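A.B. asks: Sharing a model prediction with you, sequence too.
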Amino acid sequence: MRNSTVSRLALASVVANGLIVLTGGVVRLTGSGLGCPTWPRCTEESFVSTPELAVHGVIEFGNRLLTFVLVAVAAATLIAVFRSARRDLRRWAVLAFLGIPAQGVVGGITVLTGLNPYTVAAHFLVSIGLVAITTTMWLRSREPGVGQLLVRRPFALLARGIAAATALVLIIGTLVTGSGPHSGDPDAGRTGWDPALVSQLHADVVFLLVGLTVALLVALHATDSPGRVRRAARDLLVVELAQGVVGYVQYFTDLPIVLVLVHMAGAVLITVYAARLLWSVRGPASELPVDDDTAVLRTAPRPGAVPRPS
């Protein structure tokens with residue numbers, strides 16, 4: 001299997017998982033979370049939406065239907081990876097594939113519990129985790145393998161800290177959602193947390209994330225680190241700032257649906273760019289062709305290293 005095919009399928013997995021997040025947002029923001037009131041059937045008698053369920057049933061069933069597209073893409077990616085020489089991508093492809101049934105189970109529990117805000121949060125976090133996994137798989141598929149560390153180890157650790165802060169921002173963001181007005185259904189429960197307090201906590205962690213990203217970017221420029229790492233940090237910072245602006249505007253305009261959906265799209269982008277930053281700190285491996293079908297991967301030598309005699 002050609003590496004270009006693997007890369008295209010991996011990119012399709014990123015797009016499909018991102019779309020699942022956004023269509024899930026549409027379900028919640030239109031109050032269609034219980035448009036299909038049972039699971040796995042849409043009703044007790046039908047797997048598909050019925051006229052009685054009206055537009056909410058169509059929206060919720062459409063979101064469920066997209067899952068089958070996601071399964072097809074993930075399965076095709078898994079097969080392509082295992083048929084290729086890219087053993088380093090196999091665990092990512094397996095995780096991306098197994099995440100889909102996990103997502104389906106959490107989604108089913110969410111419906112059966114009447115949109116409990118904590119299961120809604122878990123459903124989102126599984127989806128966003130799959131975005132991170134598939135993004136990493138796609139970025140790695142574009143190079144022959146993972147090579148040496150390109151930056152100083154403290155910078156690599158700081159990049160990991162930024163990834164951890166990003167995860168914390170997303171987790172607290174789900175608590176903000178669970179305490180706000182967009183529950184997915186008029187009868188769905190809320191966390192009971194003070195929305196203003198949780199929103200302030202969310203904003204504080206965002207400031208921490210932005211501060212860490214600025215610190216890394218300054219350090220990378222000060223040490224003349226490789227351009228791919230500097231670009232990854234710069235682009236992540238731009239997305240963070242744009243997401244912060246959207247977050248503040250939506251908060252002070254009483255959470256209009258359109259802006260909330262844009263904010264969810266921003267969460268997907270932040271996940272993608274945080275994964276890109278982690279990927280960027282290591283360079284590609286060198287590829288040694290063996291024959292037309294296979295290749296041996298090795299880590300590229302450090303600049304100036306003296307080759308060992310054979």
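C.D. replies: It's in. Numbers count the residues shown, from 1 in each chain.
A.B. asks: only C-alpha atoms for contact and neighbour calcs from this point on.
C.D. replies: Fine.
A.B. asks: How many neighbouring residues does the residue lying closest to residue 74 once chain neighbours are set aside have?
C.D. replies: For residue 74, ignoring the flanking residues on the chain, the nearest one in space by CA to CA, 6 or more residues apart in numbering is residue 97 at 5.3 Å. Residues lying near residue 97 (other CA atoms under 10 Å) number 23.
A.B. asks: who are the neighbours in contact with the closest residue to residue 239 other than its chain neighbours?
C.D. replies: When the adjacent residues along the chain are set aside, residue 239 lies closest to residue 270, with 6.3 Å between them (CA to CA, 6+ apart). Counting by CA atoms under 8 Å, 6 or more residues apart in numbering, residue 270 touches 166, 236, 239, 240.
A.B. asks: quick one: which two of the residues you listed are the most distant?
C.D. replies: 166 and 239 (11.9 Å; CA to CA).
A.B. asks: So the two - more neighbours on which side?
C.D. replies: A count of neighbours by other CA under 10 Å puts residue 166 above the other of residue 166 and residue 239, at 22 against 18.
A.B. asks: Would it be right to say that the more buried one lies in a helix?
C.D. replies: Yes. Counting by DSSP: H, G, I helix; E, B strand; the rest coil, residue 166 is part of a helix.
A.B. asks: hang on, isn't it packed against residue 273?
C.D. replies: No. In this structure residue 166 lies outside contact range of residue 273 using CA atoms under 8 Å: 10.2 Å.
A.B. asks: quick one on the thing from earlier: ok, the residue nearest to residue 74 - contacts?
C.D. replies: 71, 74, 75, 78.
A.B. asks: Highest neighbour count among those residues?
C.D. replies: Scoring the contacts of residue 97 on neighbours with other CA under 10 Å, the highest-scoring entry is residue 74 at 28 neighbours.
A.B. asks: if I pick it, what's in contact with it?
C.D. replies: Residues in contact with residue 74 (CA under 8 Å, 6+ apart) are 13, 93, 96, 97.
A.B. asks: So it: helix, strand or coil?
C.D. replies: Following three-state DSSP, residue 74 is assigned to helix.
A.B. asks: same thing with the one 3 residues further on?
C.D. replies: Using three-state DSSP, the three-state assignment for residue 77 comes out as helix.
A.B. asks: Tell me if the residue nearest to residue 74 really is in a helix.
C.D. replies: Yes. According to three-state DSSP, residue 97 belongs to a helix.
A.B. asks: how close does it sit to residue 133?
C.D. replies: Distance of residue 97 to residue 133, given as CA to CA, to the nearest Å: 10 Å.
A.B. asks: ok, for residue 168, nearest residue in space, not its chain neighbours?
C.D. replies: Residue nearest to residue 168 in three dimensions, not counting chain neighbours: residue 205, with 7.4 Å by CA to CA, 6+ apart.
A.B. asks: how about that neighbour, secondary structure?
C.D. replies: Secondary structure state of residue 205, per three-state DSSP, is helix.
A.B. asks: hang on, isn't it packed against residue 167?
C.D. replies: No. In this structure, residue 205 is not within contact of residue 167 by CA under 8 Å, at 10.2 Å.
A.B. asks: for the stretch 201-310 of the chain, what spans make up the strands?
C.D. replies: For the stretch 201-310 of the chain, the strands defined by DSSP state E, counting those that start in this stretch cover 282-284, 286-289, 295-298.
A.B. asks: can you list the weak-confidence ranges in the stretch 151-300 of the chain?
C.D. replies: Applying pLDDT under 70 to the stretch 151-300 of the chain flags the ranges 287-300.
A.B. asks: again, only using 90
C.D. replies: For the stretch 151-300 of the chain, the stretches flagged by pLDDT under 90 are 180-192, 251, 254-255, 285-300.
A.B. asks: Now do the helices in it.
C.D. replies: 153-179, 195-222, 227-252, 257-280 (DSSP state H, counting those that start in this stretch).
A.B. asks: Which stretch among the ones you listed is buried most, on average?
C.D. replies: Ranked by mean neighbour count, the helices of the stretch 151-300 of the chain are led by helix 257-280 with a mean of 21 (mean count of other CA atoms under 10 Å).
A.B. asks: Give me the angle between it and helix 153-179.
C.D. replies: Orientation check (axes from the mean of the first three to the mean of the last three CA atoms, to 10 degrees): helix 257-280 against helix 153-179 gives 160 degrees.
A.B. asks: Just give me the residue closest to the centre of this protein.
C.D. replies: Geometric centre of the chain, nearest residue: residue 131, 2.7 Å, by CA atoms, centre = their mean.
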